[in-house]
Structures are given as structure tokens and as C-alpha cells.
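[1] give me a 3D structure for the following:
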Amino acid sequence: MNNTPRVLNRVLIGILGIILLAIGVLLILLATVPIVGVWWHEWAGGVLSFWLDLFERTQFPRRQGSWLWLAICLALLVVLGLMIAWIAQQGKGRTSLLVAEEDPGEVPGNVGISGGVAEQTLRAALADRPDLAGVTVAAYEIGGEPALKIRVEPRQGVAPHRLAAEVSALVEALDAVIGKRTPVLIHIGSGARSRFGRSERVR
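    You can find the predicted model right below:
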């Protein structure tokens, strides 16, 4: 529901997984197959010779040192910038306003209702229920409009359709209070608390 680049994340995780898998397979082969060890020494020696020759051919005129180090540092800075931009994209889409309307009354102005109002109200309404192990409410901006995401973790044995109907009733009551219908995503999931936690009993 937020603007997290999920496709990009999956692609990067897939590439990282393939690289780690290849490294693991190579280490196993180096430890168990002698001919792979011989090939590795020959290949590594060739790569080392290539880089040493490259650094010698990229020396500064009349100075010691290679300008290739500067190119490597610039490339690392570019990679660092891309990583920072990627991290900044994670979890975007949250909004602080649930309602923002212009009031053309006697004193014209703007009326805003914070998303925290809806979050705290719904959490408070669901917090004391013994059939729930956890509740999370967050406000997001989807297509320029505010929306709510409600995640509830029912305990074992709780009917999901009945829980969804009860949460929908709370959302309708909230819409009646704030005077505007808000799009809502109700996510009913299960976590460790709902799988292993006990329901409270009242005798």
C-alpha cells in the first residue's frame, strides 16, 4: 500500500542470493575438488597480473600513483549515492493528514484532521479485545488521497469474516465522525504472537 519499490527489492535480493549461492558453491568445490583448486590458482594469478599491469599503465605523469584509484573512489561514491536513494524509497507513502478540506464559512480557512486521530481511535477500540494478538493502524497517501491500512492479528479460532465485519463497522463509525469516507485496507494476518499466544478467559 505504500510506495516501496517491491519489484526492485525482489530483483536486488534475487541477484544477491545468486551471488551468495555461487560463492558458496565455489568454496565447496575448492575444498573438495583438487582440480578446481588448481584452476583457481591459475585464474587468480592471471587476474592479479592483469590488475598490476593496469595500475602500472595508469600512472600519473612524473608522479607515483595511479589515477585508477580516483576512478574507483568515484564509482564507490556513485554506488553509495544509489544505495542511499534506494534506502530513502523504503516505506514511503505515509501521510500525516487524513482529511484536509477548505471551509468557506464566516471565517474561511482550512480544516485538517491528522491521521494520528484515526490511528489512535481505532487502536484504542481494538486494543482490549481478547481475540486479537496485535493491531496496527497507519495512514498512507494513495493516488493523492489519504487511506488507512489496518492490520489485525487474530488469535487461533477467531472467524476472519466476523472480525473483518466488526472492523468495517468501526471504520464506518469513524467515517461518520470525521464526515468523510476514507478508503481502508483491512489486512488479517497471523504472526508469532497469534500462533503461540493464549486467549484470555473470563470466568
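
[2] A138 and L122 touch, don't they?
    No - judged on CB atoms under 8 Å, A138 makes no contact with L122 at a distance of 10.3 Å. C-beta: built from backbone N, CA, C; applies to glycine.

[3] these two: who's more crowded?
    L122 (22 against 19; other CB atoms under 10 Å).

[4] pLDDT at the more buried one, what is it?
    In this model, L122 is scored at 83, pLDDT.

[5] go on, the one 3 residues further on?
    Per-residue confidence (pLDDT) for A125: 83.

[6] which residue ranges of the chain form strands?
    For the chain, the strands defined by DSSP state E cover 97-103, 109-114, 132-142, 145-154, 184-188.

[7] kindly reformat the ones you listed as JSON lines containing distance to L174 and mean pLDDT.
    Below are the strands of the chain laid out as JSON lines (distance: least, CB to CB, whole Å; pLDDT from 0 to 100):
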{"stretch": "strand 97-103", "distance to L174": "9", "mean pLDDT": "70"}
{"stretch": "strand 109-114", "distance to L174": "10", "mean pLDDT": "72"}
{"stretch": "strand 132-142", "distance to L174": "10", "mean pLDDT": "80"}
{"stretch": "strand 145-154", "distance to L174": "9", "mean pLDDT": "83"}
{"stretch": "strand 184-188", "distance to L174": "9", "mean pLDDT": "83"}
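
[8] need the residues touching each of A138 and L122.
    L148 (CB atoms under 8 Å, 6 or more residues apart in numbering).

[9] can you pull the contacts of the closest residue to A138 other than its chain neighbours?
    Nearest non-adjacent residue to A138, counting by CB to CB, 6 or more residues apart in numbering: K149, 5.1 Å away. With contact taken as CB under 8 Å, 6+ apart, K149 is in contact with M1, T136, V137, A138, A139, Y140, V184, L185, H187.

[10] what's the farthest-apart pair in the residues you listed?
    A139 and H187 (14.4 Å; CB to CB).

[11] count of residues packed around the residue nearest to L54 when sequence neighbours are not counted?
    In space, L54 comes closest to L68 once its chain neighbours are excluded; the distance is 6.6 Å by CB to CB, 6+ apart. L68: 14 surrounding residues under other CB under 10 Å.

[12] got a list of what L68 touches?
    Residues counted as contacts of L68 (CB under 8 Å, 6+ apart) are L54, F55, T58.

[13] I'd like those residues written out as TSV, with pLDDT added.
    Listed next are the contacts of L68 as TSV, based on pLDDT from 0 to 100:
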residue	pLDDT
L54	84
F55	82
T58	81
